[in-house]
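Q: The following block contains a protein sequence and its predicted model.
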Amino acid sequence: MPKGRLRYSLDWRTIYIEGVDHVDAVPENQLKEYMRQSKEADVVIFVGGISPRLEGEEMPVSKDGFDGGDRTTIALPAVQTQVMKALAAEHIPTVFVMMTGSALAIPWEAKNVPAILNAWYGGQYGGEAIADVLLGDYNPSGKLPVTFYAQDSDLPDFESYDMQGRTYRYFNGKALYPFGYGLSYTDFTYSSLNLPKVCHTTDKEVQVTVTVKNTGRLEGEEVVQLYISHPDKKILVPLTALKGFKRVHLRSGEAQRLTFSLSPEDLSCVDENGIRKVLPGTVRIQVGGSSPVPTLATPLKLVESTLKMIGNTHIIDK
């Protein structure tokens, strides 16, 4: 179907809940009225999240969860969970379209809402793009550029500048949605990861190949991501680090063999003196449609292998 053409003739109804910037609880009588109206719909598209009117730089904002443009919690405003819980209790099919400029914690929604579309802050054509995805005119292939955590306690203190526990590279907990994560209307599987088991020098490129296959019913795009880690290093190194990615378009049932080239710099670590070097030892290589960060519920499709680096330490000269 051509992009932008609606597949169905729909009777659109709007229930306005005082905008996304409203963070106070909905009175019980008003909530019942919302549910009464919602029961007349085949499906509810709940557009929520936060907006630039709540988060920004030096803003005169003082609301629960927000202070002067800063966020005091990563949680979704509770009023929105209140409404979605009421929709779920009435067994009303709901799609949550989440608007945000940063990561939001949505543990209840992740477990109970059947469809969530993270739309960030759409521009002039944001509404049209959302409609294209929801109505099946476009098969989404976006991937998260940040980790979505489940709760505030997953993160270090706000005033701490230590990287330990921050970003997918140093977070050792379970993420709600990890860096690089994103679903499609089709499915992809990974197989046949091939790389040398041993590399007898530390100053050469390493070739990695992998097969990705579209095992779903629809054609679509996948962003294939390669991560490395150094499990036996004694110095501080990232738990995992993205070293390559490729976007590939596959028809239903189609498979493609991809090749990644890892340079000595890709395989290197930075020591305590700030010197980048390739060290002898084990390198773990993982390839898939997401970072290999452990998650609370989302199964990750990854293939992995290890490479043994043998030889002298190789210093990366900049």
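A: It's in.

Q: any idea how this structure splits into domains?
A: Domain assignment for the chain by automatic domain parsing gives 28-138, 188-315.

Q: Next, the distance between the ends of the last one.
A: Yep, that's domain 188-315 we're talking about. Start-to-end span of domain 188-315 (Cα to Cα, to the nearest Å) is 38 Å.

Q: can you check the first one too?
A: Using Cα to Cα, the end-to-end distance of domain 28-138 comes to 38 Å.

Q: just to revisit the earlier point, tabulate the domains of the chain in JSON lines, adding columns for mean neighbour count.
A: For every residue, glycine as well, the C-beta is placed using N, CA and C. What follows is the domains of the chain, written out as JSON lines (neighbours: other Cβ atoms under 10 Å):
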{"stretch": "domain 28-138", "mean neighbour count": "16"}
{"stretch": "domain 188-315", "mean neighbour count": "16"}
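
Q: C-alpha coordinates for stretch 38-51, PDB please?
A: What follows is stretch 38-51, C-alpha atoms only, in PDB (Å, rounded to 0.1, in the frame of the first residue of the first chain):
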ATOM      1  CA  SER A  38     -13.500   4.800  25.600                       C
ATOM      2  CA  LYS A  39     -15.800   1.800  25.600                       C
ATOM      3  CA  GLU A  40     -17.400   3.000  22.400                       C
ATOM      4  CA  ALA A  41     -14.000   2.700  20.600                       C
ATOM      5  CA  ASP A  42     -12.500  -0.400  19.000                       C
ATOM      6  CA  VAL A  43      -9.100   0.700  20.200                       C
ATOM      7  CA  VAL A  44      -7.700   3.600  22.300                       C
ATOM      8  CA  ILE A  45      -4.600   5.300  21.100                       C
ATOM      9  CA  PHE A  46      -3.200   6.900  24.300                       C
ATOM     10  CA  VAL A  47      -0.800   9.700  23.500                       C
ATOM     11  CA  GLY A  48       1.300  10.400  26.600                       C
ATOM     12  CA  GLY A  49       4.800  10.800  27.900                       C
ATOM     13  CA  ILE A  50       6.300  14.200  28.600                       C
ATOM     14  CA  SER A  51       7.000  17.400  26.600                       C
END
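
Q: Name the residues that touch that stretch?
A: Contacts with stretch 38-51, where a contact means Cβ atoms under 8 Å, 6 or more residues apart in numbering, come from 13, 15, 20-21, 71, 76-77, 80, 83-84, 87, 90, 92-101, 104, 119, 121, 134.

Q: Double-check that Tyr190 belongs to a strand.
A: Yes. Looking at Tyr190 with DSSP: H, G, I helix; E, B strand; the rest coil, it is inside a strand.

Q: List the beta-bridge partners for it.
A: Taking DSSP bridges as the rule, Tyr190 bridges to Val212.

Q: Kindly confirm whether my reading is correct that it touches Val210.
A: Yes. Taking Cβ atoms under 8 Å as the definition, Tyr190 is a contact partner of Val210 at 6.1 Å.
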